[in-house]
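Asks: Based on what follows, work out the 3D shape:
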Amino acid sequence: MIALVTGGAGFIGRWLVRRLIDEGHSVIALDDLSNGRIENIEAFRDSSRFQFIQGDIRDPKTVIDLFKQPLDLVYHLAAEINVQKSIDDPQQTIDRDIIGTFQILQQCKEQVIPFLFMSTCMVYEQSMDEGGITETHPTKPASPYAAAKLSGEALTLSYHHSYGLPTMVVRPFNTYGPFQKTNGEGGVVAVFIKRAMKNQPLQIYGDGTQTRDLLYVEDCVDFLYKASQSKEAWGKILNAGTSQDIPIRRLAEMIAPNSEMIVHVPHIHPQAEILKLKCNPVLAQSLLDWSPRVSLEEGIQQTHTWIQGHLDL
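Replies: Numbers count the residues shown, from 1 in each chain. Down below sits the predicted model:
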């Protein structure tokens, strides 16, 4: 097939591009490089089955021109993903994550191209249930980012119900691994590892008891690929996670050479914090025969090795 990956030069996007090429498919990656990096896709630039287009999903002409090419499937990952930025400047998040999603969906509808929407676990209300969060758990958009993702989900499913377009929503939990940014916009694992390597303090918001379900990026991409190949998944919302959560303080202790490097700082936006994020992925496991393979210890080691060779990024 010929697949379009929006946000294809981003962290998860580049891994999805690699998986699709490895599976024998052709890939068009669209990215405006506001968050993605050209370095992420250098390995594919010489492949006859890869095409990169630098463009913005908010621009109607870019989107219309893009769909003049034959496409069999769209993975929509492009988004403004920074929660803090969405609170400080919600307009950009609304434009990218809602208007941009609408424009891609419209073209998919006109040409009847299946559409997978990448959402986030940040849409959920916190839950203390040790069984983990299922797809039916209440949502609570505590930031414009989460609200925009929920809006994108609603649009995506409305096109399935109104027009019969094959669409689905996926909600991966906190994804980490090689190629993730290591600055303030990166994930907590990558940020902690780089700071530890540079002998800098590992800063934790609050007391560090907040938990995260950390999903290794190749497991996340395996989930995306299997979901997109399953007819039973169309019209549904699917979670992806490990069914295990870890307190951020404990994560820091796994990464820091010594406890003196761990410091606690006031949360910039405490209202957007979710205290417990633990996934219940039973639907994906039963529907897709999917389950994560990489342990947290192994994933941290692989991420550490990659960052060690890319400290300049």
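
Asks: where do the helices sit along the chain?
Replies: 11-22, 60-66, 83-88, 90-94, 100-111, 144-163, 188-197, 217-228, 248-255, 282-288, 296-308 (DSSP state H).

Asks: Looking at those helices, which is nearest to Asp46?
Replies: Smallest distance to Asp46 across the helices of the chain (Cβ to Cβ): 11.4 Å, for helix 11-22. (Glycine included, C-beta is placed from N, CA and C.)

Asks: Can you check what angle separates the closest one from helix 217-228?
Replies: Angle, helix 11-22 to helix 217-228, by axes from the mean of the first three to the mean of the last three Cα atoms, to 10 degrees: 60 degrees.

Asks: Enumerate every residue touching the closest residue in space to Ile64 that isn't next to it in sequence.
Replies: Leaving out its chain neighbours, the residue that sits closest to Ile64 by Cβ to Cβ, 6 or more residues apart in numbering is Gln107, at 7.0 Å. Shown in contact with Gln107 (Cβ atoms under 8 Å, 6 or more residues apart in numbering): Val63, Ile64, Leu66, Phe67, Ile113.

Asks: thinking again about what came up before, who wins for proximity to Asp129 among the helices of the chain?
Replies: helix 282-288 (13.0 Å).

Asks: Tell me which other helices or strands that closest one touches.
Replies: Judged by 3 or more Cβ pairs under 8 Å, 6 or more residues apart in numbering; DSSP states H and E, the packing partners of helix 282-288 are helix 217-228, strand 237-240.

Asks: Can you check which of the ones you listed gets nearest to Leu296?
Replies: With Cβ to Cβ as the yardstick, what comes closest out of the helices and strands packed on helix 282-288 is helix 217-228 (11.0 Å).

Asks: So for the closest one, what gets flagged as buried?
Replies: Val217, Glu218, Asp219, Cys220, Val221, Asp222, Phe223, Leu224, Tyr225, Lys226, Ala227, Ser228 (16 or more other Cβ atoms under 10 Å).

Asks: okay, those in TSV with distance to Glu298 and pLDDT next?
Replies: Formatted as TSV, the buried residues of helix 217-228 follow (distance: Cβ to Cβ, whole Å; pLDDT from 0 to 100):
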residue	distance to Glu298	pLDDT
Val217	12	98
Glu218	11	98
Asp219	11	98
Cys220	15	98
Val221	16	98
Asp222	15	98
Phe223	17	98
Leu224	20	98
Tyr225	20	98
Lys226	21	98
Ala227	23	98
Ser228	26	98
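
Asks: what's the closest of those residues to Ala240?
Replies: Phe223 (4.2 Å).

Asks: these two touch, right, the closest one and Ser291?
Replies: No - the criterion here is Cβ atoms under 8 Å, and Phe223 misses it with Ser291 at 9.2 Å.

Asks: Name the nearest residue to Val112, ignoring sequence neighbours.
Replies: Closest residue to Val112 apart from its sequence neighbours, by Cβ to Cβ, 6+ apart: Leu165 at 6.7 Å.

Asks: number of nearby residues for that neighbour?
Replies: 22 (other Cβ atoms under 10 Å).

Asks: just Gln84 next, same as before
Replies: Gln84 is flanked by 14 other residues according to other Cβ under 10 Å.

Asks: quick one: it and His267 touch, right?
Replies: No - contact between Gln84 and His267 fails when scored by Cβ under 8 Å: they sit 10.3 Å apart.

Asks: Can you tell me how far Trp306 is from Gly299?
Replies: Note on Trp306: its distance to Gly299, by Cβ to Cβ, to the nearest Å, is 11 Å.

Asks: More neighbours: these two, which one.
Replies: Neighbours were tallied for Trp306 and for Gly299 using other Cβ under 10 Å; the higher tally belongs to Gly299 (23 against 17).
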